[in-house]
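Visitor: I'll drop the sequence and a predicted model, then ask my questions.
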Amino acid sequence: MTDSRSVQYVDWVEMQYTDVAGRLRSISIPYSSGVLQAKVDSSSIGIDDVSESDAVLIADESTLTYIPWLSGWSRTICDIYKSSSARHSVDPRFITQRLEAYMRELGMEILLGIEVEFFVFEKLNTLFSPPTSAGYRIKLVDRGGKGTLSNYHSSSDKLLEYRVELVDTLTKYFNISVVSHHHEVASSQLELSIGAGRPTNTGDRVQTVKYVAKALARSRGLKAVFMPKPLHGENGSGMHVHVSLWSNSKNLFYDSSDSYGLSQFARYFIGGLIYHARALTALVAPTVNSYRRFIPGFEAPVYAVWGYRNRSAAIRVPVARGELDTRVEFRPPDPSANPYLALAAIAMAGLDGIRKSIDPGDPIDRSAYEMSATLRKRKLPSSLVEALDELSLDREFLKPVFTDELLEKYVSAKTREVLEAAATPSPIEVLIYQDI
């Protein structure tokens, strides 16, 4: 336990785990000084058929922490097993663990830092009563704007107080290193930057940030929303991933002789991201709503191109201060992604680029939104249907780490999601077409 109190004060443990779609789920059990285990109905969470619907959760006790807003409670992140001795091939956390083992075989280590953007609303009320009612109403905490009206560097007292509590809670109770935090460009939007770590630990941190952010918002009568594009006409929320590869304490992305400090090794990694970008979107931008974010003019990527410092590109090389800071930023992901699957897929795409020496071409030095017709062939998918089709055609690069069973369950779950959304008219459709 990371809390200073004695473990004897803990009565209950929230056993948390992640399903294929990326939702954090849990079952609560009495605290025991023995091995923390629990059984779950795996068919109800989409990882098994009803004919074999028992799975075992085994706690990773290094993640056991006190829940500061629940007296006598702690939480832990769990691995999913078929039995007490056999891992479940559809456990998303198992995929990043397989990635780490694969990297060790290659003699390398991958570090991943995350920028998580999300909204905090005063209210978000939905009305859905088929077949006659469907709609929503959002009440903002504050209004954003562009240019001189932007509140990028400030926030309302209510959001500032919430942000301070969130960062303090993550740091003191959940061992998460928050590098920076601020109000983002859109109305009622915040961003947290999380320090770099290994894939599994970074996936755990993303899930923890979402868990804590939602809980603290509820306690203040607010609503934390990680949906990528809830507001019309404003920026959506991304989950930018910063990547570096290391071997024997050497940053393989750094080259002191290059004018930008970027190695050929890093360029090949970028080449892999560009080559597999269309398939990657199915895993890093995995909701129907994700594709409302991929439109020009809102600082979200539209084309699979790269550049230095260029925020309109899908892959950006930020300004670095020497070897320790040199990294590649992948901008298409959003916070609705299953972080374990997204991080592993990004790593495998880049590694495929290194293995095949895929040249990324020249970096772009202008807005990607104004690109020529030739480069527009690199456009990211415009829908989840299109992205899933791309993943079905381009998935071999994932195979050393991803299991076939997980990919099949994932595509099946996302296809059902697409069909459910497609069957429901949206409010804008009713507005536009009611008088045709």
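Guide: Thanks, I have the structure now. Since this is a predicted model, take the numbers as computed values, not measurements. Numbering: from 1, shown residues only.
Visitor: and the next element down the chain from the helix or strand harbouring residue 386?
Guide: Here residue 386 sits within helix 384-393, counting by DSSP states H and E. Counting by DSSP H and E, the next helix or strand C-terminal to helix 384-393 is helix 404-422.
Visitor: Please write out the alpha-carbon positions of the helix or strand that that next one is followed by in PDB.
Guide: The helix or strand immediately downstream of helix 404-422 is helix 427-433, counting by DSSP H and E. The C-alpha trace of helix 427-433 is given here as PDB (Å, rounded to 0.1, in the frame of the first residue of the first chain):
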ATOM      1  CA  PRO A 427     -30.100  15.400 -33.700                       C
ATOM      2  CA  ILE A 428     -28.400  17.200 -36.600                       C
ATOM      3  CA  GLU A 429     -30.000  14.800 -39.100                       C
ATOM      4  CA  VAL A 430     -33.400  15.500 -37.800                       C
ATOM      5  CA  LEU A 431     -32.700  19.300 -37.900                       C
ATOM      6  CA  ILE A 432     -31.400  19.100 -41.500                       C
ATOM      7  CA  TYR A 433     -33.800  16.600 -43.100                       C
END
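Visitor: from here on, count from 13
Guide: That works, and once the first residue is 13, the last one we named lands at helix 439-445.
Visitor: before we move on, the earlier item: any buried residues in the helix holding residue 398, and which?
Guide: 396-397, 399-400, 402-403 (16 or more other C-beta atoms under 10 Å). Quick note: C-beta positions are derived from backbone N, CA and C, even for glycine.
Visitor: Report the rounded mean pLDDT for it.
Guide: In this model, helix 396-405 has an average pLDDT of 96.
Visitor: pretty sure residue 31 contacts residue 57?
Guide: Yes - assessed by C-beta atoms under 8 Å, residue 31 is found in contact with residue 57 at 4.7 Å.
Visitor: Need the residues touching each of the two.
Guide: Jointly contacting residue 31 and residue 57 under the rule C-beta atoms under 8 Å, 6 or more residues apart in numbering are residue 37.
Visitor: do you know how far residue 33 is from residue 77?
Guide: To residue 77, residue 33 is 25 Å away according to C-beta to C-beta, to the nearest Å.
Visitor: longest strand anywhere in this protein?
Guide: Longest strand in the chain, counting residues (DSSP state E): strand 121-141.
Visitor: Give me the helices and strands touching that strand, please.
Guide: helix 104-117, strand 145-152, strand 201-209, helix 211-231, strand 235-237, strand 251-259, helix 351-368 (3 or more C-beta pairs under 8 Å, 6 or more residues apart in numbering; DSSP states H and E).
Visitor: which ones are touching the closest residue to residue 48 other than its chain neighbours?
Guide: Nearest residue to residue 48, sequence neighbours excluded (C-beta to C-beta, 6 or more residues apart in numbering): residue 71, at 3.7 Å. Contact analysis of residue 71 by C-beta under 8 Å, 6+ apart lists 25, 27, 47-49, 88-90.
Visitor: again, only using 10 Å
Guide: With contact set as C-beta atoms under 10 Å, 6 or more residues apart in numbering, residue 71 has these partners: 25, 27-29, 41, 47-50, 87-91.
Visitor: what does residue 431 give?
Guide: residue 397.
Visitor: Pull up the gap between it and residue 144, please.
Guide: According to C-beta to C-beta, residue 431 stands 21 Å off from residue 144.
Visitor: And stretch 37-51, what's buried?
Guide: 38, 41, 43, 48, 50.
Visitor: Closest to residue 315 out of these?
Guide: residue 38 (39.3 Å; C-beta to C-beta).
Visitor: can you pull up the bridge partners for the closest one?
Guide: residue 28 (DSSP bridges).
Visitor: hang on, the earlier thing: list just the nearest of the buried residues of stretch 37-51 to residue 438.
Guide: residue 38 (31.7 Å).
Visitor: per-residue pLDDT, residue 64?
Guide: 67.
Visitor: ugh, wrong one, I meant residue 276
Guide: For residue 276, pLDDT reads 96.
Visitor: Low-confidence regions, the stretch 313-448 of the chain specifically.
Guide: Within the stretch 313-448 of the chain, the stretches with pLDDT under 70 are 380-388.
Visitor: distance of the residue lying closest to residue 345 once chain neighbours are set aside from residue 176?
Guide: Spatially, and ignoring its direct neighbours in sequence, residue 345 is nearest to residue 296 (3.8 Å; C-beta to C-beta, 6+ apart). For residue 296, the distance to residue 176 equals 30 Å [C-beta to C-beta].
Visitor: Would you mind telling me which of these two has more residues around it?
Guide: Just comparing residue 296 and residue 176: by other C-beta atoms under 10 Å the higher neighbour count belongs to residue 296, 27 against 11.
Visitor: Settle this for me: residue 245 is touching residue 304, isn't it.
Guide: No - the pair formed by residue 245 and residue 304 falls short of the contact definition of C-beta atoms under 10 Å, at 11.1 Å.
Visitor: Overlap in contacts, these two.
Guide: Shared contacts of residue 245 and residue 304, defined by C-beta under 10 Å, 6+ apart, comprise residue 310.
Visitor: Please identify which of those two sits among more neighbours.
Guide: residue 304 (18 against 7).
Visitor: so what's that one up against?
Guide: Per C-beta under 10 Å, 6+ apart, neighbours of residue 304: 239-244, 248, 310, 312, 395.
Visitor: ok, residue 325 touching residue 289?
Guide: No - using C-beta under 10 Å, residue 325 is not in contact with residue 289; the gap is 11.0 Å.
Visitor: Mind listing the shared neighbours of those two?
Guide: What both residue 325 and residue 289 touch, as defined by C-beta under 10 Å, 6+ apart, is the set 313, 315-317.
Visitor: quick one: which two of the contacts of residue 304 are the most distant?
Guide: 243 and 395 (19.7 Å).
Visitor: Comparing the two, which shows the higher neighbour count?
Guide: Neighbours per residue (other C-beta under 10 Å) separate residue 243 from residue 395, with residue 243 holding more: 20 against 16.
Visitor: Can you tell me the element that one falls in?
Guide: Short version, using DSSP H and E: residue 243 is in no helix or strand.
Visitor: can you tell me how far it sits from residue 304?
Guide: 10 Å.
Visitor: got it, and residue 292?
Guide: 18 Å.
Visitor: do the same with residue 339
Guide: For residue 339, the distance to residue 304 - C-beta to C-beta - is 28 Å.
Visitor: can you check residue 210 too?
Guide: 32 Å.
Visitor: which residue ranges form the strands in the stretch 263-412 of the chain?
Guide: 318-320, 327-329, 340-342 (DSSP state E, counting those that start in this stretch).
Visitor: could the ones you listed be laid out in CSV, adding mean neighbour count?
Guide: Below are the strands of the stretch 263-412 of the chain laid out as CSV (neighbours: other C-beta atoms under 10 Å):
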stretch, mean neighbour count
strand 318-320, 20
strand 327-329, 24
strand 340-342, 23
